[in-house]
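Participant: What shape does this take:
(chains A and B)
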Amino acid sequence: MTERPVLAVIGAGPAGLAAALAAAARRVHVVLVDSAAEPGGQFYRQPARRLGARRPQALHHQWRTWERLSEGLVAHLAAGRVTHLSDHHVWCVERESDGRKTTGFTVHALLGPEQERSVAVRADGVLLATGAYEKVLPFPGGTLPGVVTAGGAQAMLKGGLALPGRTAVVAGTGPLLLPVATGLAAAGARVTALVESADPRDVARRARGLAAQPAKLTEAAGYAVRLARHRIPVMARHTVLEAHGRDRLESVAVAALDTEGRAVPGTERRLTCDTLAVGHGLLPHTDLAEGLGCRLDGPAVQVDEEQRTDVPGVWAAGETTGIGGAGLSLAEGHIAGRSAAAHLYGTAPDPGEWAAAARSRTRLRAFFAELDGAYAAPVRWTERLTDATVVCRCEEVTAGAVREAVGALGAGDLRTVKLLTRAGMGWCQGRMCEPGVAGIADCELTPGRRLLARPVPLGVLAAPPEPRRRPGEPTSPR
Amino acid sequence: MNPLDLARARPGTPFTVTFDGREIEALPGQTVAAALWSAGVTSWRTTRGAGRPRGVFCGIGVCFDCLVTVDGRPGLRACLVPAVPGADIRTQEGTGHDD
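Facilitator: Got it, this is the predicted structure:
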């Protein structure tokens, strides 16, 4: 390896790939660290190679962009400008300092699906492109097998070419429900309803913002055509009240919502299904940023015009800085990669060089802010939870227990509810239940402040540090 | 239509794994969860408290609902672990450590 500075890019989705390509093209050695077996992230999740998919684009949107990213990555890998560490689950990024200033970073990652052994990679700079995960809201019956997140149904379809059942209802709120419903239908599931709690009038009212986005209008029209082609009925301003079944999902009860968000009496219907794909938007993955001490802005990592966090040497791009889709992630990744390349060589970047990406970033951020308003989380959903409804899936904590902690015991924040009920103390460390608990407790959804981004075996934490390697070279696993 | 035909997949030779002793067919490259789903199985864990059935929920390794026991090792996320020929996949009861 030459004297090139090393940039660790965490995450190989649209933002991470765009960043890696931009930095590698500017004489930075990029170590691309990603938890999946193949690059692509969630948006461009690829079928497992050995499934031999000859037409993976049938499961995807914006395939040409993927081809461009993928070809760029292959070229940089061949030239040795990028090292791709796949199946590496980053659990911590350590900042090294000489007492006064940052001297570098060590990225710690668990290997493979077993996640029992860990390696460490040193880098001069870190770019966080850790993406997002699904925001889950509880409802009665929500833990029945056959109930999956919307993104989960899509991930299993794209990656494993598998469906959970034959008859599906897609429900919740947000733009993700459209590709999930049409994707499941294209793959052979009978999608009997797309249940969307938002009001199409709210979306139309924001048509001014939408009209400035011809590409997004075309995309929306495309979904309308596909919904019609697959004969998927859209039930707008409706919600799932409850999932029914003994040991697996058998049907869901849905009802219309009035303008106050209440279920309209007499509109309840049962839909028979073996699959319910439910989504309420996404939340940024910010654990690594929090561990590094980066400032957050609400639920997302705060960045400046160059995608720099407030910690020197740490950049962030894509949905970890706010939910905005693949196009925005690409623009942010590109800017972050260019900025990192310049600063790692000790020079100031010229923002004029990324003016096009910056314009696209401005436009898409405005668009998603509008969209977010239209697809605001349903109101009054907590009123529909019985006391027996499971809110924390890991620790099996019910809505009743959370209500008791809030009402009788006076808990007013996520942390206190957690200490009193164990909600959020299980395997997922609260990622699945925090929005639900916050809703029931009527408190703010504050960042989780997880010291480690994943469960780490004690043996890994207890192991003595490996002798240092050259930057960019992983230590041997231990 | 099915997902394999939609993506015009030409997978390698299918192989056999067992789920709670029953033989099921899996495809090279599939995770344990994808193989079980394709065989019509949607739950492979019972919870520690109420003993309720669980399977895939988030599908991307975040929620830990799909924990399963493979070849005697409990606590593996079925949505991440690849299925391999002859794997002995078993329903994980509770933590999987107390049977």
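Participant: Residue A:97: what's its closest spatial neighbour, skipping adjacent residues?
Facilitator: Distances taken as Cβ to Cβ, 6 or more residues apart in numbering or on different chains place residue A:103 nearest to residue A:97, at 5.9 Å, with adjacent residues excluded. From N, CA and C alone the C-beta is placed, and that goes for glycine too.
Participant: What's the first helix or strand after the helix or strand that contains the one you found?
Facilitator: Secondary structure from DSSP states H and E places residue A:103 in strand A:102-111. Once the chain leaves strand A:102-111, the next helix or strand it forms, by DSSP H and E, is strand A:118-123.
Participant: Summarise which helices and strands that next one is packed against.
Facilitator: strand A:6-10, strand A:29-33, strand A:102-111 (3 or more Cβ pairs under 8 Å, 6 or more residues apart in numbering or on different chains; DSSP states H and E).
Participant: which one of those is the most hemmed in?
Facilitator: strand A:6-10 (a mean of 30; mean count of other Cβ atoms under 10 Å in any protein chain shown).
Participant: and the angle for it with strand A:29-33?
Facilitator: Following axes from the mean of the first three to the mean of the last three Cα atoms, to 10 degrees, one obtains 20 degrees for the angle between strand A:6-10 and strand A:29-33.
Participant: and residue A:144, that's in a strand?
Facilitator: No: according to DSSP: H, G, I helix; E, B strand; the rest coil, residue A:144 belongs to no strand; its state is coil.
Participant: Return the residues in contact with it.
Facilitator: Neighbouring residues of residue A:144 by Cβ atoms under 8 Å, 6 or more residues apart in numbering or on different chains: A:243, A:245, A:247-249, B:53.
Participant: Based on its surroundings, how many neighbours for the residue in the stretch 351-478 of chain A that chain B sits nearest to?
Facilitator: Among all residues of the stretch 351-478 of chain A, residue A:427 sits closest to chain B, at 3.4 Å; criterion: Cβ to the nearest Cβ. By the measure other Cβ atoms under 10 Å in any protein chain shown, the count of residues near residue A:427 is 17.
Participant: secondary structure class for it?
Facilitator: Applying three-state DSSP: residue A:427 is coil.
Participant: from what I can see it touches residue B:61, true?
Facilitator: No: using Cβ atoms under 8 Å, residue A:427 and residue B:61 do not qualify as a contacting pair, with a distance of 10.8 Å.
Participant: which residues does residue A:140 contact?
Facilitator: Taking Cβ under 8 Å, 6+ apart as the test, what residue A:140 contacts is A:241-243, A:384-386, A:388-389.
Participant: make it 6 Å
Facilitator: Contact analysis of residue A:140 by Cβ atoms under 6 Å, 6 or more residues apart in numbering or on different chains lists A:242, A:386, A:389.
Participant: Neighbour-wise, give me the winner out of the residues you listed.
Facilitator: Among the contacts of residue A:140, the one with the most neighbours (other Cβ under 10 Å) is residue A:389, at 21 neighbours.
Participant: Would you enumerate the residues in contact with it?
Facilitator: Contact partners of residue A:389, counting by Cβ under 6 Å, 6+ apart, are A:138, A:140, A:399.
Participant: per-residue confidence for it?
Facilitator: We have a pLDDT of 98 for residue A:389.
Participant: Also residue A:403?
Facilitator: 97.
Participant: Can you tell me the element the closest residue to it other than its chain neighbours falls in?
Facilitator: Computed as Cβ to Cβ, 6+ apart, the closest residue to residue A:403 that is not its neighbour in sequence is residue A:440, at 6.3 Å. Assigned by DSSP H and E, residue A:440 belongs to helix A:434-441.
Participant: C-terminal to that helix, what's the next element?
Facilitator: Scanning forward in sequence from helix A:434-441 by DSSP H and E, the next helix or strand is helix A:458-462.
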